[in-house]
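Peer 1: The sequence isn't on hand, but the structure is:
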């Protein structure tokens, strides 16, 4: 098999994807209580296939975070274990299948920094207005700055995901005030600090999970329009300067969702126009 599987106790695993417990890709079955080594590997094979089939957002987001040819790390190597099943799934193209979209959903995330410059805020309002005319639904987060600009320009359907009830006094039928438990787990998979975030940060990052993957976390948006000071459009270019918007950008990147950062100016607007033209 081309993808190496390393032992976290004896190998250099700094560049490897950790797939042992308690990661989302860890085997829920244990040797002994749940059967022999071969039996728990086979049970894991069926478990993982079921999670993928139902598009479990936590498991699938973890799978999508593994890079091409990136080694996997667990406690069992070189003995057979569930990591072999993960490697087989990855080599079999599971990431491409998860990222595939049959038809556009006509839903987009309009987000960005609270410190978005005024000229860009004006552009965001115009974009939101035009996308409303094209019957797109806006998904955003109710924050000041970019979120508010998209919401102000939106004249059609919108879903505003709040990190907690009463956030910035936002209210209305379009407001969804509490991230789901799955949204918190997705946030921990993607965020560099994982479960070390404080409660406020966890709620804000969980809110971003819904902005990109929808209320059920199984309905990805068609694209993300945003502004960050560093022009970030992918997980690999995310930095401290990207700010909290980087969480949504990283999640979108994993799921193969185009990110259009308006910090790129006319080039970004051109990409957005090309996307809309190609899907209408």
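Peer 2: Noted; the coordinates are in hand. These numbers were taken from a predicted model, which means no experiment stands behind them. Residues are numbered from 1 along each chain as shown.
Peer 1: tell me which element the residue most central in space within the chain falls in.
Peer 2: Nearest to the mean C-alpha position of the chain, by Cα atoms, centre = their mean, lies residue 251 at 2.2 Å. Using DSSP states H and E, residue 251 sits in helix 245-254.
Peer 1: can you list contacts of that helix?
Peer 2: 61, 64-65, 109, 111-113, 146, 186-187, 190-191, 205, 208-209, 211-213, 220-221, 224, 226, 228, 232-236, 238-239, 242, 258-259, 261 (Cβ atoms under 8 Å, 6 or more residues apart in numbering). Where C-beta positions appear, they are placed from N, C-alpha and C, glycine not excepted.
Peer 1: And residue 82, how close does it get to residue 158?
Peer 2: Separation of residue 82 from residue 158 (Cβ to Cβ, to the nearest Å): 42 Å.
Peer 1: Give me the phi and psi angles of residue 204.
Peer 2: phi -60, psi -40 (degrees, to the nearest 10).
Peer 1: Weed out the non-buried ones from the contacts of helix 245-254.
Peer 2: For the contacts of helix 245-254, a neighbour count by 16 or more other Cβ atoms under 10 Å gives the buried set as 61, 64-65, 109, 111-113, 146, 186-187, 190-191, 205, 208-209, 211-213, 220-221, 224, 226, 228, 232-233, 235, 238, 242, 258-259, 261.
Peer 1: Point out where the protein drops to low pLDDT.
Peer 2: 1 (pLDDT under 70).
Peer 1: just the helices in it please.
Peer 2: 37-53, 57-64, 82-91, 94-99, 118-133, 146-153, 181-190, 199-213, 245-254, 266-279 (DSSP state H).
Peer 1: Which neighbouring elements make contact with the third one?
Peer 2: Same thing as helix 82-91. In terms of contacts (3 or more Cβ pairs under 8 Å, 6 or more residues apart in numbering; DSSP states H and E), helix 82-91 is packed against strand 5-7, helix 37-53, helix 57-64, strand 72-74.
Peer 1: All set, thanks.
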